[in-house]
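1. The sequence and its predicted three-dimensional model are supplied below.
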Amino acid sequence: LKPKSELSHLHSARRVFELFKSNDIETAVIHHFESNTNDANELALQVGTKIGSLLTDGNGDGIMIEQVGEEKPFSVDFLRRTSFSLLQG
C-alpha cells in the first residue's frame, strides 16, 4: 500500500481497509514506507508511528522500507531487521 505523498498514509490506509472490510475483500497488504532519514532512531520512530498503529489494529501483513534521497546509510539487512521487529511488536 503506497498512497500519494500528499496524503496521510495512516488515514488513506484506514480508508482502504474500511473498503476491504465492507466488501468482504481478503487479501494480503504490504505497507510501502519511504524515508530519507539517515538516523536509525528517527527511522524507527517514523515507521512505528506511521505504520505500527495500522499493524497493531490488524491492518496489513507486512512492511517494506525504502530509502529515498541521495544518501542511503542503512544496509538492506538493517532495513529487513527493522521491518521484522515492527511486525513482531
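-> Perfect, thanks for sending it.

2. For Ser5, give its distance to Arg81.
-> Remark: distance between Ser5 and Arg81 (C-beta to C-beta, to the nearest Å) = 26 Å. C-betas here are computed from N, CA, C, even on glycine.

3. Please apply the same query to Asp61.
-> Taken as C-beta to C-beta, the span from Asp61 to Arg81 is 18 Å.

4. go on, Gly69?
-> For Gly69, the distance to Arg81 - C-beta to C-beta - is 21 Å.

5. For the chain, which segments count as strands?
-> Using DSSP state E, the strands of the chain run over residues 30-35, 62-67.

6. what's the spacing between the last one and its chain's center?
-> Which is strand 62-67. 6 Å (C-alpha atoms, centre = their mean, to the nearest Å).

7. tell me which residues in the lowest-mean-pLDDT helix or strand in the chain are buried?
-> Lowest mean confidence among the helices and strands of the chain (mean pLDDT, DSSP states H and E): helix 76-88, at a mean of 86. Going by neighbour count (16 or more other C-beta atoms under 10 Å), the buried part of helix 76-88 is 79, 82-83, 86.

8. Equivalent analysis for stretch 60-68, please.
-> 60, 63, 65, 67.

9. Now tell me what touches it from outside.
-> Residues outside stretch 60-68 that contact it (C-beta atoms under 8 Å, 6 or more residues apart in numbering): 1, 13, 17, 28-36, 43, 47, 51, 54-55, 73-74, 79, 82-83, 86-87.

10. returning to what we had before: specify the angle between the least confident helix or strand of the chain and strand 62-67 in degrees.
-> Orientation check (axes from the mean of the first three to the mean of the last three C-alpha atoms, to 10 degrees): helix 76-88 against strand 62-67 gives 140 degrees.
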